[in-house]
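Undergrad: I'd like to go over a predicted model; first the sequence, then the structure.
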Amino acid sequence: MTGRPAAVAPRTRLLERLLGAVRPEFRSSLLVFDADDPVFGGGACRIEQCRRPARGQGMCPGHLQRWVNQGRPDLAVFVAATDPGWQRQRPNARCRVDGCGYGSARSGMCELHGQQWQRAGRPDLEEWRPDRPIKQPAAGVTCRIEHCRLWPQAASPFCHAHRQTWNANGRPDIDEFAAGFSRDVVTEDEAIRLDRLGPQLALEIQYALQCRRDEHTTKTFPTVVMQVVRFLTTTTVTSLLDRSESDWKRQIGRPAPKDANPRALLIYARRKVEDLADADGWDSEYPRDTWLLRRLGFPGHQVLNFADISQQWLRDLVKRWVRWRLGIGLGLDAARRGLRALTRFARFCDRLGVSALAQVNRLVLERYLADLQTELSDGQRGVHIGQLNNFLHAVRQHNWENTLPATAVLFPDDHPKRSDRPPRALTEQVMAQVEHPDNLDRWDNPAHRLVTQILIGTGLRVSDALRLKHDCIALDAQSAPYLRYFNHKMKREALVPIDEHLHRAITDQQAAVSGVFGAAAPILLPRPTKNPDGTAPISSNTYRAALHRWLRDCDVRDEHGRAVHLTPHQWRHTLGTRLINRDVPQEVVRRILDHDSPMMTAHYARLHDTTVRRHWEAARKVDITGHTVVIDPDGPLAEATWAKQRLGRATQALPNGFCGLPVQKSCPHANAPLTELTPRSMLVGRSSYSRVGSLPA
């Protein structure tokens, strides 16, 4: 990150903080991790009894190379037959002469048999036999190397091959040399060596590795760490903070590496060290013009950039406003929308020559409204006007600056009138294809299929569905299942009823996750990679990309034959629309979708034309001849007449209709006039009269 001047004195305390932060297990110039380490290990080699970390094909580098040298045979056969020891731990070749225990030295024979064969004129080896016995060591004496069963060579304590290795290494102490073959030797791709780095630089790398271990989110192989270490040894820096993030990206990426892992690790290490150096929360970040939100407790590497607000007086107020909004629990997206709106207002004030808050009056605001009208749509204008109004109200409410004119007010009429947005629910033709069992079976990932079923059946937002807890099922007194989730938009827990089919699918997913991450698995839908402890959920982008591929593979098309492109949120609209058109009360729909207001539910749950027609036919009045009884909607008695009709229906229901006589009057006949009928009761009446006669004229 460039352009971030330090808010306080230079980082003179960094070394002190590093010494206090790095734990003893990481305070070594040689770091070696077990093969099954959740972050730095690759899992044990699939060869039984070999505990080295696996790399390619599930095998350690030694066994992988042996497999390649043998022509890549069938893996199962190779794994079952190969020696578990590495090359240096495998037996050396024995002399081909029967009964000889010396090691092979020439043409597959020991030195002594090789000399006899040489003097015999090098006959065919298959037919040649020694003409005399050779000198043998005492019975039971073998090479000093523990796993080697060959005879020692002459006066040496080692066989031929091990004697040569001993000579090549300068004839070290015999016991020490022999012990070296007994223990596992740490190879280059299993160890992290930091002895070539300066003291502080080594501490910074150790601290970054410790953070990786604590986060448990990303695999970091020692080979990747050593690529970074070797790169750092080519520089003259004493700290990762000696260069900016962009400088490191350019230098380690030229020429471009085969993979981005070393560069990603280097940038990660620098960020962690910088965060440690400036680890003072708001006290450190607030004075800066670019806030690194990870230091304020937000996930990821998001930023809020105030540098585009050139006026210092306005920038200070906007920063205070944004900090207050984040402090009261407002979402980061809402805070970012406010910053964008005020950044645009700052550019307008700069063009207009407004140099102080005291100059922001009603005239300036009216000119700004006109400026918005020329560039933005109604929806965008509404957002910018609303955010500016919130800002001005907060400045006045909290008395952050008393020079704001009293006329700096935006009124409700200043906001553009919101037009009804078109419905986003999917048609039943599309839903029939989406919900078809054959198409659901085309999902190549069971977790993605389950997400789709949850979104369709419950109407959850995709972010809430992907972050479901592992124990997300609740049962009522009748053992009916409910899905428990956290509504991140409303910041509260909620329950939604589910059917038995979805209940079984969720139970199956719980069992599958427990089989991988154990019974204490924290979430229902963990992502399959870079997730050692199962705490990271599937990302929204991953699911959306998979959804688009699935729709293409299923060839889902609308009523016009066009390929369907949908978003997960449309299933939320679809559920609301389905429920309201099945005569589910709007309040129940609101509770299922966990909305705060009926207005929002009305936006999601739209009535179909067929539903409106059905209710209209059920509600209109006809007389005994079948003609509609008209009530003048503008008449002085319109509301009273409609109330009378509803009351009459509730209290004077007749077998074939409703009595139109006022409630206050008595009628001597049980069902005499039949003056008010619904279309349905009219059909029932005609059917009844057809059995006894005809309807009266």
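TA: Yep, it's here.
Undergrad: OK, contacts around residue 407?
TA: Contacts were defined as CB atoms under 8 Å, 6 or more residues apart in numbering; by that measure residue 407 touches 361, 362, 363. For glycine as for every other residue, the C-beta is placed from the backbone atoms N, C-alpha and C.
Undergrad: what stretches of the stretch 301-450 of the chain score poorly on pLDDT?
TA: Residues of the stretch 301-450 of the chain that meet the criterion pLDDT under 70 lie in 420.
Undergrad: all helices for it, in order.
TA: With DSSP state H, counting those that start in this stretch applied, the stretch 301-450 of the chain shows helices at 312-327, 332-352, 362-375, 378-397, 428-434, 437-440, 446-458, listed in chain order.
Undergrad: Let me have those helices in CSV, adding mean neighbour count and distance to residue 102 as columns.
TA: Written out in CSV, the entries for the helices of the stretch 301-450 of the chain read as follows (neighbours: other CB atoms under 10 Å; distance: least, CB to CB, whole Å):
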stretch, mean neighbour count, distance to residue 102
helix 312-327, 17, 79
helix 332-352, 17, 75
helix 362-375, 15, 92
helix 378-397, 17, 88
helix 428-434, 16, 75
helix 437-440, 12, 69
helix 446-458, 21, 61
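Undergrad: could the ones you listed go into CSV alongside distance to residue 554?
TA: Putting those into CSV (distance: least, CB to CB, whole Å) gives the following:
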stretch, distance to residue 554
helix 312-327, 42
helix 332-352, 32
helix 362-375, 41
helix 378-397, 33
helix 428-434, 7
helix 437-440, 4
helix 446-458, 11
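Undergrad: nearest to residue 417, of these?
TA: Set against residue 417 and scored by CB to CB, these come closest in helix 378-397, at 7.6 Å.
Undergrad: Show residues contacting that closest one.
TA: Contacts of helix 378-397 with the rest of the structure, by CB under 8 Å, 6+ apart, involve 317-318, 321, 324, 337-338, 340-342, 344-345, 357, 360, 365, 368-369, 372-373, 376, 400-401, 404, 408-410, 414-419.
Undergrad: Go again with 7 Å.
TA: Helix 378-397 has contacts (CB atoms under 7 Å, 6 or more residues apart in numbering) with 317, 321, 324, 337-338, 341-342, 344-345, 372-373, 376, 401, 404, 408, 410, 414-416, 418.
Undergrad: In which helix or strand does residue 511 reside?
TA: Taking DSSP states H and E as the criterion, the element that holds residue 511 is helix 500-517.
Undergrad: ditto for residue 550
TA: Residue-wise, residue 550 maps onto helix 540-554 under DSSP H and E.
Undergrad: and that helix, what other elements does it pack with?
TA: The contact analysis (3 or more CB pairs under 7 Å, 6 or more residues apart in numbering; DSSP states H and E) places helix 540-554 against helix 446-458, helix 462-466.
Undergrad: Might you calculate how far stretch 589-599 sits from the centre of the chain?
TA: Offset of stretch 589-599 from its chain centre (CA atoms, centre = their mean, to the nearest Å): 27 Å.
Undergrad: again with stretch 204-219
TA: A distance of 19 Å separates the C-alpha centroid of stretch 204-219 from that of its chain, computed with CA atoms, centre = their mean.
Undergrad: List the buried residues of it.
TA: Residues of stretch 204-219 classed as buried under the neighbour-count rule (16 or more other CB atoms under 10 Å) are 204, 205, 206, 207, 208, 209, 210, 211, 212, 213, 218, 219.
Undergrad: Now, those residues that are in helices?
TA: With DSSP state H as the criterion, helices contain 204, 205, 206, 207, 208, 209, 210, 211, 212, 213 from among the buried residues of stretch 204-219.
Undergrad: what's residue 322 in contact with, if anything?
TA: Residues in contact with residue 322, defined by CB under 7 Å, 6+ apart, are 304, 335, 338, 339.
Undergrad: Quick one, which of the helices of the stretch 301-450 of the chain gets closest to residue 242.
TA: Nearest to residue 242, of all the helices of the stretch 301-450 of the chain, is helix 312-327, at 29.1 Å by CB to CB.
Undergrad: From the chain's centre, how far out is that closest one? Work that out for me.
TA: On the basis of CA atoms, centre = their mean, helix 312-327 is displaced by 30 Å from the centre of the chain it belongs to.
Undergrad: Offset the numbering so it begins at 54, please.
TA: In the new count, where the first residue is 54, that last one comes out as helix 365-380.
Undergrad: so it versus helix 431-450, what angle?
TA: Angle, helix 365-380 to helix 431-450, by axes from the mean of the first three to the mean of the last three CA atoms, to 10 degrees: 100 degrees.
Undergrad: just to revisit the earlier point, check the contacts of residue 375 and tell me the two furthest apart.
TA: When the contacts of residue 375 are compared pair by pair using CB to CB, the farthest-apart members prove to be 357 and 391, with a separation of 10.1 Å.
Undergrad: just to revisit the earlier point, would you reformat the contacts of residue 460 as a markdown table and include distance to residue 493?
TA: Supplementary listing: the contacts of residue 460 in a markdown table, determined by distance: CB to CB, whole Å:
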| residue | distance to residue 493 |
| --- | --- |
| 414 | 61 |
| 415 | 59 |
| 416 | 61 |
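Undergrad: can you give me the strands for the protein?
TA: Counting by DSSP state E, the segments of the chain that form strands are 83-85, 244-246, 343-345, 356-358, 526-528, 534-540, 545-550, 706-707, 710-711.
Undergrad: Please work out how many residues are found near the closest residue to residue 487 other than its chain neighbours.
TA: Using CB to CB, 6 or more residues apart in numbering and skipping the chain neighbours, the partner closest in space to residue 487 is residue 609 (6.3 Å). Other residues within reach of residue 609 by the criterion other CB atoms under 10 Å amount to 21.
Undergrad: All set now, cheers.
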